[in-house]
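Trainee: just coords:
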DNA sequence: AATGAATGAGAATTCATTCAT
DNA sequence: AATGAATGAATTCTCATTCAT
């Protein structure tokens, strides 16, 4: 036996894609993109078949990459959370501490509305273990943003991270499901931010 | 031929129950109650069969009253909106203008969390005609509550009804899907309310 | 609510069919008959769809009666065992003790070959609880037949019931899967019966 | 161009392995061994993928050697029959004529039970052409064993080879599917052997 | 030759909806 | 009006087989 020859994938940040052939990795990404779109538009009860069609792949390929629908949903969340964490980190390192938190929230809500992502599912309720780590990561990132904003005097001292996350998810949900237009979105967030400022 | 005995179409607020025999009206109510519970617990993808079982009726009876599942979901929403409107009206007539709006919001969010009702669907996106009226009614009620609160100086003058509704639905969604515990719910709403107060 | 009106099914021996409407009971029987044929011909991996087609019913109907394929297989076995037990009882009450056991075995093997039933699966290995009772019943019946035959001096005294059942199932399997012709079947059983006689 | 190097088609008993490179021949053997195990454990509906995994090879390699699953099953049978024929030959040449037949049957049944091989499929019904030769070979071997035993006075003169094969397959099936324990197996065969002895 | 990703037909199961009783 | 059995399309998941690497 000559043994398998994994294309030694160098330093790849996406753990799940390591050890996959180039084409498989490409398809995996396509599936995730398609799934994010489809589930955002039709909710988590959309069919896996439709995800496959949107990705331009056969249904079997989707199930080969994600053996159950739950796995697929979980992978989307993990991906989404990872992206948000990156944004948090970016803002934390080069943003103005006084506004970085608000920028992050605005940005995320806008994205939720625009890309109709499944952020509504990105919370701790019903999340399986595989996603839990990613959630914790985001928590910590927000915690950092918040404490900086508080030190800068931009946010009241008694606000806690879980409240910020609650407001964030609520706003995303609202923007997503109730179809807020940009103006309404802006005005609504203005009120929320006012609530977060020191009196 | 004796024919059915419509109990005179007097002034019956529940439009859909006019012209039904007493037992049929009772069944209709039972179905709605069961459906609200079931869909709350398992989401809108729960089966109609289960609704029938919970109501102690045969599946055929459910479909006799609500020809499609959509009709059933629509009826629940209408019911829910009607109940909310009633609460608004009650608060408008005998509540303290300065606090009635906040009370209403708190109350509604708490209910959403506790009863896990389908309030998430109670927005204008994707609402069929039959529910539109009920939504408008709630809008108007909130408008009244808001303007009173503003006149009493409890809420900033530049807040608009659609922002309040946006915050309400967002909070309900958050409470519902992210599983806020009572404490988190309270603290989060406190921030929102602070944002609504005059500076 | 008027409540369901089960057609008070009198004295019905088939426990599982009690409380079913006449048409449902008829269909249940049709499904079992079709399933017995199909699984006998193609083995247990034959599709439920084919069973439905053979029964002239929609696939949903089959799954309504037997929620899983396992349930269907289990029901067939139970049925088959019940039928065998009846034959044993009949032979025990009016047959000649000296020959009843051999008659039963011959008869059963012949039937297995002719009707291609799934008798091969009628053993204790991998049998779920629902069938266990039926198996026990058959055991007891054979035990009775055997002890009578021994008392009549037709069968050696040291033969045990489990050996008889083993020979029976083996012969059925052989007849079924190896396609014994009537002559071969007869000659083979003659040898087995000789082995069971006192020396 | 150098081309493949067929290791001269000398006198190789395993027809199918002629003309294969050494590593390919090794893989073929590995696949057969894995397949025998897997199909024994899970029945013929086990997946080819699992066979590949057990063999430590890629699925493509399995299909390269055996273009269809049927081919794989057929090859296993042929292998098994060949092994049985060898045992028959060995017993015929150095065993006691009076007991060789019984030894062979006992041995084979025990193996069937222990290794849960696919012997159940080793009969004439549904056997494809590729296996037919091997079956014929076994027939002849048994015929030899039987006539010797008859000449030695250990088996009744009127027993015919097809009866012996029928009893053998039946016993294997029984042992395999009904899960006979060693004790039951022994007692059951004792009866069968008694039936084969001269009275 | 070997690999393993992709394919897509097929299988089990669910469920909204219809209709005979 | 109510019942609940039947329907069949849709869905999730499996697996034999093909084929680009």
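Mentor: Sure thing, it's come through. Model, not experiment: these values are computed from the prediction.
Trainee: got the residues of chain A near chain B?
Mentor: Proximity of chain A to chain B, by CB under 8 Å from any CB of the partner chain, involves residues A:45, A:120-121, A:123-125, A:159-160, A:162-163, A:166-167, A:169-171, A:173-175, A:177-180, A:184, A:187-188, A:191-196, A:199. C-beta here means a position set from N, CA and C on the backbone, and glycine is covered the same way.
Trainee: and chain A, what are its domains?
Mentor: A:18-67, A:77-199 (automatic domain parsing).
Trainee: just put these in a markdown table and tack on distance to DNA strand E.
Mentor: A markdown table is the format used below for the domains of chain A (distance: least, CB to the nearest atom of the strand, whole Å):
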| stretch | distance to DNA strand E |
| --- | --- |
| domain A:18-67 | 2 |
| domain A:77-199 | 17 |
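Trainee: so of the ones you listed, which one's packed in deepest?
Mentor: Compared across the domains of chain A, domain A:77-199 shows the largest average neighbour count, a mean of 19 (mean count of other CB atoms under 10 Å in any protein chain shown).
Trainee: now residue A:107. Nearest residue, chain neighbours left out?
Mentor: Distances taken as CB to CB, 6 or more residues apart in numbering or on different chains place residue A:87 nearest to residue A:107, at 6.8 Å, with adjacent residues excluded.
Trainee: so that neighbour sits against residue A:108, correct?
Mentor: Yes. Residue A:87 lies in contact with residue A:108 (CB atoms under 8 Å); the separation is 7.4 Å.
Trainee: wait, residue A:165 touches residue A:141, no?
Mentor: No. Residue A:165 lies out of contact with residue A:141 (CB under 8 Å); the separation is 10.3 Å.
Trainee: how about the residues of chain A near DNA strand F?
Mentor: With the criterion set to CB under 7 Å from any atom of the strand, chain A comes near DNA strand F through A:21, A:23, A:45-49, A:59-60, A:63-64, A:67-70.
Trainee: need phi/psi at the closest residue to residue A:57 other than its chain neighbours.
Mentor: Spatial nearest neighbour of residue A:57, chain neighbours left out: residue A:27 (6.1 Å); criterion: CB to CB, 6+ apart. Backbone torsions of residue A:27, given as degrees, to the nearest 10, read phi -60, psi -40.
Trainee: how about the helices in chain A?
Mentor: Using DSSP state H, the helices of chain A run over A:22-42, A:48-55, A:59-65, A:69-94, A:97-115, A:129-151, A:161-177, A:182-196.
Trainee: wait, the residue nearest to residue A:57 sits on residue A:64?
Mentor: No. Residue A:27 is beyond contact range of residue A:64, at 9.1 Å (criterion: CB under 8 Å).
Trainee: so which residue is smack in the middle of chain A?
Mentor: residue A:80 (2.6 Å; CA atoms, centre = their mean).
Trainee: what about it, distance to residue C:133?
Mentor: 53 Å (CB to CB, to the nearest Å).
Trainee: again, but for residue A:105
Mentor: For residue A:105, the distance to residue C:133 equals 64 Å [CB to CB].
Trainee: cool, and residue A:191?
Mentor: Using CB to CB, we find residue A:191 at a distance of 68 Å from residue C:133.
Trainee: for chain A, which spans come out with low pLDDT?
Mentor: A:1-18, A:116-130 (pLDDT under 70).
Trainee: swap the cut-off to 80 and go again
Mentor: Residue ranges of chain A with pLDDT under 80: A:1-20, A:113-132, A:176-179.
Trainee: one step back: out of the helices of chain A, flag the one nearest residue C:112.
Mentor: For these, the distance to residue C:112 is smallest for helix A:59-65, at 39.5 Å, taking CB to CB.
Trainee: hmm, back to that, what's the residue nearest to residue A:57 in contact with, if anything?
Mentor: Residue A:27 makes contacts with A:55, A:57, A:61, A:65, as judged by CB atoms under 8 Å, 6 or more residues apart in numbering or on different chains.
Trainee: and with 10 Å instead?
Mentor: By CB atoms under 10 Å, 6 or more residues apart in numbering or on different chains, the residues touching residue A:27 are A:20-21, A:55-57, A:61-62, A:64-65.
Trainee: also residue A:54?
Mentor: Residue A:54 sits in contact with A:30-31, A:33-38, A:41, A:46, where contact means CB under 10 Å, 6+ apart.
Trainee: get me the contact residues on chain A for chain C.
Mentor: For chain A, the contact set with chain C under CB under 10 Å from any CB of the partner chain is empty.
Trainee: pretty sure residue A:85 is touching residue A:142, no?
Mentor: Yes. In this structure residue A:85 lies within contact range of residue A:142 using CB atoms under 10 Å: 9.3 Å.
Trainee: residues shared between the contacts of the two?
Mentor: Common neighbours of residue A:85 and residue A:142 (CB under 10 Å, 6+ apart) do not exist.
Trainee: out of the helices of chain A, the one nearest residue C:100 is which?
Mentor: It's helix A:59-65; of the helices of chain A, that one is closest to residue C:100 (CB to CB) at 56.0 Å.
Trainee: quick one: contacts of the closest one?
Mentor: Contacts of helix A:59-65 (CB under 10 Å, 6+ apart): A:16-17, A:20, A:24-25, A:27-28, A:30-32, A:34-35, A:47-53, A:55, A:57-58, A:69, A:71-72, A:75.
Trainee: mind running it again at 6 Å?
Mentor: With contact meaning CB atoms under 6 Å, 6 or more residues apart in numbering or on different chains, helix A:59-65 is reached by A:28, A:31, A:48-49, A:51-52.
Trainee: likewise for stretch A:82-95?
Mentor: A:100, A:104, A:134, A:137-138, A:141, A:144-145.
Trainee: make CSV out of the residues you listed and add distance to chain D.
Mentor: Below are the contacts of stretch A:82-95 laid out as CSV (distance: CB to the nearest CB, whole Å):
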residue, distance to chain D
A:100, 50
A:104, 46
A:134, 31
A:137, 35
A:138, 37
A:141, 41
A:144, 45
A:145, 47
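Trainee: how about those residues in a markdown table, adding distance to residue A:112?
Mentor: Shown next, in a markdown table, are those (distance: CB to CB, whole Å):
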| residue | distance to residue A:112 |
| --- | --- |
| A:100 | 19 |
| A:104 | 12 |
| A:134 | 17 |
| A:137 | 19 |
| A:138 | 14 |
| A:141 | 17 |
| A:144 | 21 |
| A:145 | 18 |
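Trainee: let me know the closest of these to residue D:115.
Mentor: Distances from residue D:115 to the contacts of stretch A:82-95, taken by CB to CB, are shortest for residue A:134, at 47.5 Å.
Trainee: quick check: phi and psi at residue A:158.
Mentor: In terms of degrees, to the nearest 10, the main-chain angles of residue A:158 are phi -90, psi 0.
Trainee: just residue A:20 next, same as before
Mentor: The phi and psi torsions at residue A:20 (degrees, to the nearest 10) take the values phi -100, psi 150.
Trainee: against residue A:26, how distant is it?
Mentor: According to CB to CB, residue A:20 stands 9 Å off from residue A:26.
Trainee: go ahead and confirm residue A:30 touches residue A:55.
Mentor: Yes. With contact defined as CB atoms under 6 Å, residue A:30 reaches residue A:55; the gap is 4.5 Å.
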